[in-house]
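**Q** Let's see this in three dimensions:
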Amino acid sequence: MSRSSQASPAGYTDQSQTRIEPLPPAVREQAISWYVKLASGMQSVEDEAAFTRWHHAHTDHARAWSQLQKMGGRLRHGAELLTPSIAHGALQKAAHAGGRRRALKTLVCLGMGGTALYLVQEQLPWRASLSSLLADVSTATGEQRTVTLDDGTQVALNTASAIDVRFDAQQRRIILHAGEVLLTTGADPAGRPLVVVTAEGTLTPIGTKFLVRHEAVPGLHAYTKLAVVEGAVEVRPHGQQGQPVIVRAGQQLQFTRDSIAPSTPLDENSLAWVDGMFVAASMRLDHFLAELGHYRPGVLRWTPEVAGLRITGTWPLHGADATDLILDSIARRLPVKVTRSTKYWVQVSLR
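**A** Residues are numbered from 1 along each chain as shown. The predicted model follows:
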């Protein structure tokens with residue numbers, strides 16, 4: 001067994017200075033089992049009663065269920081909420097054929113929270129790995145939060161982000177499953193190195209403040225973005241041997257499992273979310289909308305004709321209607337219209 005698999009989940013302190021302990025692995029597995037069963041519509045009356053007993057048996061059970069609901073929506077009575085019936089059939093088939101893990105992946109592909117139409121049209125790829133659903137620390141779409149780990153390291157999580165924290169006697173390990181985090185490292189009294197792990201590689205900071213983002217589009221690309229604000233960070237892609245690449249303050253770069261792109265000057269606008277702002281400086285509209293889509297549920301599309309238009313501005317991200325207000329703003333500034341078929345299906349096209 002590797003050192004990382006032996007390491008125990010580490011606790012953290014949230015913004016209200018409340019001490020939070022991570023969920024035990026057994027509770028995670030139980031919650032996943034209930035999540036799939038109730039969403040598939042295969043539960044009996046006895047199952048419903050058993051779920052209620054499980055839910056109330058321990059505060060960890062309720063917390064695990066709350067995290068799944070935050071990521072997925074209203075699934076307590078999934079058989080009624082995941083319509084049309086073809087969605088039930090797909091989930092039941094997956095559950096019978098491949099067990100709860102395959103069924104859970106199907107459930108994530110549904111888009112959850114009443115957007116089962118996406119499964120049929122295959123328009124909403126699941127952006128986070130299954131392990132991120134019950135990560136030690138996570139944020140929902142549009143949510144941001146900051147936590148302080150046991151060693152004093154501060155982690156700010158952007159929208160739809162998830163990390164696991166594993167500390168042992170030899171090292172401190174943070175696993176980024178999805179999204180984007182800004183880390184300000186703490187001074188560990190035991191002198192243990194801090195390592196950040198993504199699907200593409202490992203990052204070892206040297207007394208630093210830095211941003212890490214994991215971006216994955218199934219079937220297209222997956223990469224990690226690193227931006228160093230203070231200090232320096234060593235980058236080691238999983239698929240490369242040899243000496244690590246050192247990225248210093250004021251630099252940023254992207255890397256995959258097999259390659260590292262050249263570093264470029266730090267884009268200060270990429271840090272604006274930490275202050276609750278969305279900033280663009282002569283940004284292509286397709287890039288603008290792709291980024292904005294991370295902050296809202298559902299699908300945000302655009303036609304090819306508007307992709308190359310440029311937009312500059314600063315907008316607040318806080319508030320339930322923040323992204324809708326941003327869309328309304330670009331419709332006033334540019335020759336585009338915003339068509340909302342539903343709350344979760346929006347398209348931007350030429351006027």
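**Q** looking at the protein, which helix or strand is least sure?
**A** Across the helices and strands of the chain, mean confidence by mean pLDDT, DSSP states H and E is lowest for helix 117-121: a mean of 31.
**Q** name the helices or strands packed onto whichever helix or strand comes after that one?
**A** As assigned by DSSP states H and E, the chain's next helix or strand after helix 117-121 is strand 137-138. The contact analysis (3 or more C-beta pairs under 8 Å, 6 or more residues apart in numbering; DSSP states H and E) places strand 137-138 against helix 59-72, strand 154-157, strand 162-167. Quick note: C-beta positions are derived from backbone N, CA and C, even for glycine.
**Q** Distance from the chain centre to the first one, please.
**A** Right, the one you point to is helix 59-72. Mean-position distance between helix 59-72 and its chain equals 16 Å (C-alpha atoms, centre = their mean, to the nearest Å).
**Q** any idea which element residue 253 lies in?
**A** With DSSP H and E as the criterion, residue 253 is inside strand 251-255.
**Q** Now do that strand: everything it contacts.
**A** Here strand 251-255 makes contact (C-beta atoms under 8 Å, 6 or more residues apart in numbering) with 200-201, 211, 223-228, 235, 237, 245, 247, 260-267, 270.
**Q** What subset of these is buried?
**A** Buried members of the contacts of strand 251-255, scored by 16 or more other C-beta atoms under 10 Å, are 200-201, 211, 223-228, 235, 237, 245, 247, 260, 263, 266, 270.
**Q** that older thread, now, which of the contacts of strand 251-255 lie within strands?
**A** Judged by DSSP state E, those include 201, 211, 223-228, 235, 237, 245, 247, 264-265 as members of strands.
**Q** Output the below-cut-off pLDDT ranges for the stretch 251-351 of the chain.
**A** The stretch 251-351 of the chain contains no residues with pLDDT under 70.
**Q** Need the distance between the two termini of stretch 259-269.
**A** 25 Å (C-alpha to C-alpha, to the nearest Å).
**Q** Touching that stretch from outside, list them.
**A** Residues contacting stretch 259-269 (C-beta under 8 Å, 6+ apart): 227-229, 235, 237, 240, 245, 247, 249-255, 279-281.
**Q** what are the ranges of the helices in this protein?
**A** Ranges of helices in the chain, per DSSP state H, are 3-6, 25-40, 45-57, 59-72, 78-81, 85-109, 117-121, 285-292, 322-333.
**Q** Just give me the lowest mean pLDDT stretch among those helices.
**A** Mean pLDDT is lowest for helix 117-121 among those, at a mean of 31.
**Q** Okay, and the beta partners of the nearest residue to residue 270 once chain neighbours are set aside?
**A** Distance criterion C-beta to C-beta, 6 or more residues apart in numbering; nearest residue to residue 270, sequence neighbours excluded, is residue 227 at 5.9 Å. Note on residue 227: beta-bridge partners residue 211, residue 252, judged by DSSP bridges.
**Q** Quick one: residues contacting residue 227.
**A** Applying C-beta under 8 Å, 6+ apart, the residues contacting residue 227 are 210-211, 251-252, 266-267, 270-271.
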